[in-house]
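S.K.: got a predicted structure here, sequence first:
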Amino acid sequence: MISIAVRSLVFVLCFAAGAGWTTAEDSRPNILVISIDDLNDWVGCLGGHPNARTPNIDRLAARGTLFANTHCQAPICTPSRASLVLGKYPSTTGLYFLQPGLAEYKLQSPGDMLVQHFAAAGYHTMGAGKFVHGSNEGRWFDEHGGNMGGFGPTPPEKLNHKEGHRLWDWGAYPADESETPDVKVADWVIERLGKRRDEPFFLVAGFWRPHVPMYAPPKYVEMFPIDQVALPDVLESDRDDLPDYAKDLTIGYPAPRHDWFVENRQWKIAVQSYLACIAFVDAQVGRVLDALDSSPNADDTIVVLLSDHGWHLGEKQRWAKRSLWEDGGRVPLIIAAPDHASGQVCKRPTGLIDLFPTLLELAGLPRKMDLEGRSLKVLMDSPDAPWDRPVLCTFTPNNHSLRSTDFHYIRYADGSEELYDMRTDPNEWHNLANNAESTDRIAGFRDSLPRENAAPIRSEWGLWEIEAWETAQRNAADRRNSEHGLTGGK
């Protein structure tokens, strides 16, 4: 809960920083944020998988702008969400890993964080489920429903992946969907949408699926008969032209290896479960949208739908997040706002980091000058407007991805690189970084890399991630030394 004194102080500071704000409080739009965990582009309107069933996400896209080339700023939950709500890159904050969470980050003022910034401007802030991950979620809201059970419920025994990390499993569970956190989140949000308030609201529906364990109630699994499930395209020689550092960076994380899925005949079953989880969470999105449409807030609410990062299901022969390739970084982003055009698709490179300044502009609030993203309102007004910035994604210190409209560039901490022409090679099978004709294009991307990379903020709870990253660093150093005939790390 934010005190009135803190609200007043932050709002005065915000007002002073953005002179010229004249919008009457009762005319400001409400904001509904629908956050979906680990959802990649397997959404009907994005065309990421032929079996995907997302009629409710698709109908939201039809009433607003679909940003079809949106990317997270870190392909892992905590730093991605921290970047979104701070409006700053991981290379600026030092938040690169699952730990520490935002609660341990030294905020300059409460208004540095998206939700509290809107609270200070007079919004009633509410949320349930998962949004600001890695911290006591409720501390950021006036009213919070809790995590509603988090990643549960889980069966007495794992269904398909009997060993390994406790979250890595998939299948049909539970039989009663009312037991799931996402149904409870939707129920909580629907109840609040039915009320008319004197002040505008900022409301977050933080859905947990399709995050592992990829459990979905049986009726959603049955929507995808196993013999009709299409597998992602995989090229056996795909990894042959990857830098060694790219391969090292994926070592030490809990996802099973792609070979395990193939050898144990679990690939189709896991894909089926992921599709079922998406269909299940889409149904909850539909319930929320229906409630909004029948509420007194239907005509004055901005709706945002997003995911925190992408997800591999065998593409590039890997699983889960924590990669700088397209499948790890690309996310759905839809914004539907009153008095703005509907049914638009924008292919300019955009990021979750752009959401904070966008919502400020759409709400008629002053600009916040330290934000590192750009307002997307210009693209909502004209989806093909000039847009000269590639979007940045970072995974562990000094490893960066830059996505333009047509190309995807990756540079690792050891200086190795990848470049893909997304027009002709959407699967990223052919690394063009060593081609002579790519020299000028790569030089342009290099100019857009962060000039400084903050040292990582460390946490005793996240040591395993630090160790995996440091292993990649040591392996890269050993390769350099070997190339120069050195031994002993000298």
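M.R.: Cool, got the structure.
S.K.: use CA for all of it now, contacts and neighbours both
M.R.: Fine.
S.K.: where in the protein is pLDDT low?
M.R.: Applying pLDDT under 70 to the chain flags residues 1-26, 134-135, 251-252, 461-462, 483-490.
S.K.: wait, what's in contact with L376?
M.R.: For L376, the contact set (C-alpha atoms under 8 Å, 6 or more residues apart in numbering) comprises 354-355, 357-358.
S.K.: what do you get if the cut-off is 6 Å, keeping everything else the same?
M.R.: If you count contacts by C-alpha atoms under 6 Å, 6 or more residues apart in numbering, L376 has them with T358.
S.K.: contact partners of stretch 390-401?
M.R.: Applying C-alpha under 6 Å, 6+ apart, the contact partners of stretch 390-401 are 73-74, 96, 324, 349-350, 402-404, 409-413.
S.K.: buried residues in the longest helix along the chain?
M.R.: What stands out as the longest helix in the chain, according to DSSP state H, is helix 267-293. Buried residues in helix 267-293, counting neighbours by 16 or more other C-alpha atoms under 10 Å, are found at 267-289, 291-292.
S.K.: list the residues that contact the closest residue to V221 other than its chain neighbours.
M.R.: Distances taken as C-alpha to C-alpha, 6 or more residues apart in numbering put A276 closest to V221, at 4.9 Å, once the chain neighbours are dropped. Shown in contact with A276 (C-alpha under 6 Å, 6+ apart): 216, 220-221.
S.K.: please identify which of those residues is nearest to E236.
M.R.: V221 (28.9 Å; C-alpha to C-alpha).
S.K.: dump the contacts of stretch 390-401 to JSON lines, plus secondary structure.
M.R.: Formatted as JSON lines, these follow (DSSP: H, G, I helix; E, B strand; the rest coil):
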{"residue": "Q73", "secondary structure": "coil"}
{"residue": "A74", "secondary structure": "coil"}
{"residue": "Y96", "secondary structure": "coil"}
{"residue": "L324", "secondary structure": "coil"}
{"residue": "P349", "secondary structure": "coil"}
{"residue": "T350", "secondary structure": "strand"}
{"residue": "L402", "secondary structure": "strand"}
{"residue": "R403", "secondary structure": "strand"}
{"residue": "S404", "secondary structure": "coil"}
{"residue": "Y409", "secondary structure": "strand"}
{"residue": "I410", "secondary structure": "strand"}
{"residue": "R411", "secondary structure": "strand"}
{"residue": "Y412", "secondary structure": "coil"}
{"residue": "A413", "secondary structure": "coil"}
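S.K.: tell me which residue lies nearest the centroid of this protein.
M.R.: Closest to where the C-alpha atoms of the chain average out (C-alpha atoms, centre = their mean) is D308, at 1.5 Å.
S.K.: how close does that residue get to L359?
M.R.: For D308, the distance to L359 equals 17 Å [C-alpha to C-alpha, to the nearest Å].
S.K.: same question, S295
M.R.: Per C-alpha to C-alpha, S295 is found 22 Å from L359.
S.K.: who has more neighbours out of these two?
M.R.: The neighbour comparison of S295 against L359 (other C-alpha atoms under 10 Å) goes to L359, with 23 against 16.
S.K.: check the secondary structure at the more buried one for me.
M.R.: helix.
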